[in-house]
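**Student:** Sequence and predicted structure, then a few things I'm wondering about:
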Amino acid sequence: MNLYRVLPPPPEVYDLSVADSRQAIEQLYQPEGSGSVRAIMVTTSTGETVSPQGSSQGLSKGADRALLGILRESADAVVVGAATVRSEPVPLPRTTPLIVLCASGDLRDHQLVSRGAGQERLMVAAPSEHADALGRALGDLPWEHLEWDPARTVDDLHDDILSRTAGGHMLVEGGKITWELFAPLTTELLIATIPPPRDQHQGIPPWWPGDPAHWELRSLLTDDAKMLYYRHEIAPAARPSQ
């Protein structure tokens, strides 16, 4: 599968089966500064993030899963909501901690997948009273409990995650509740969409909080399946203070 850079020029082709191209994509998406919060999602042309069957897998095609894998491994922490891990298989990143947000403490029927990589690390952010239920649901899967009070601010949660991980670059995969929770801290929007988007916001879904004018398009790619890959960065005047 190939990715094709449209913006910024010059045009470039990346063969994701080749290690050099994968490294070039990682460099293209390298975040600036010492910290970032990136929201990444696959959407329909109207901004929906799940198929009628209730999973993002039904929207996935082209190179989006390969790109997600590259971005996961280059992040310092990956955050996902409990609803996502209950609705579709979620493999543990090989080298990056995965944090599952679970306010209810219910991870029964989860679809977390361990690939046996030596550096896999799973953390579940949940209220302290749910620790026993989480242990039963996760069984033999090694995990760490990150005590989380949903009544506290997202800044507190962000700080707690960073204190347990090795750096400041966070990738938020969602679902929608999780994206909206982290929206006040989000510095980049990475959107793979089935073309064409039905608005003038270059793939930013209509439910995303805030003003679309606060976001600047940094890059646009496409692939052999004609998916569009937008990378937006928040404008300096709208950047959250961290």
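**Tutor:** Yes, it's here.
**Student:** Dihedrals phi and psi, P184?
**Tutor:** With angles defined as degrees, to the nearest 10, P184 sits at phi -60, psi -20.
**Student:** tell me, how many neighbours does it end up with?
**Tutor:** Burial of P184 is recorded as 14 neighbouring residues (other Cβ atoms under 10 Å). Backbone N, C-alpha and C define where each C-beta goes, glycine included.
**Student:** try D155
**Tutor:** 13.
**Student:** What of A66?
**Tutor:** Neighbours of A66 using other Cβ under 10 Å come to 16.
**Student:** That one touches D15, doesn't it?
**Tutor:** No: with contact defined as Cβ atoms under 8 Å, A66 does not count as touching D15 (10.8 Å).
**Student:** List the residues that are in contact with both of the two.
**Tutor:** Shared contacts of A66 and D15 (Cβ atoms under 8 Å, 6 or more residues apart in numbering): none.
**Student:** Flag every buried residue along stretch 217-228.
**Tutor:** By 16 or more other Cβ atoms under 10 Å, the buried positions in stretch 217-228 come out as L217, R218, S219, L220, L221, T222, D223, M227, L228.
**Student:** Pipe those into a markdown table and attach secondary structure and distance to G118 per row.
**Tutor:** Putting these into a markdown table (DSSP: H, G, I helix; E, B strand; the rest coil; distance: Cβ to Cβ, whole Å) gives the following:
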| residue | secondary structure | distance to G118 |
| --- | --- | --- |
| L217 | strand | 39 |
| R218 | strand | 34 |
| S219 | strand | 33 |
| L220 | strand | 37 |
| L221 | strand | 32 |
| T222 | strand | 36 |
| D223 | strand | 32 |
| M227 | coil | 33 |
| L228 | strand | 36 |
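**Student:** low-confidence ranges in the protein?
**Tutor:** 53-55, 200, 241-242 (pLDDT under 70).
**Student:** can you give me the strands for this structure?
**Tutor:** Here the chain has its strands, by DSSP state E, at 2-7, 12-15, 35-43, 77-81, 90-91, 98-101, 112-113, 122-126, 144-147, 168-174, 188-193, 215-223, 228-234.
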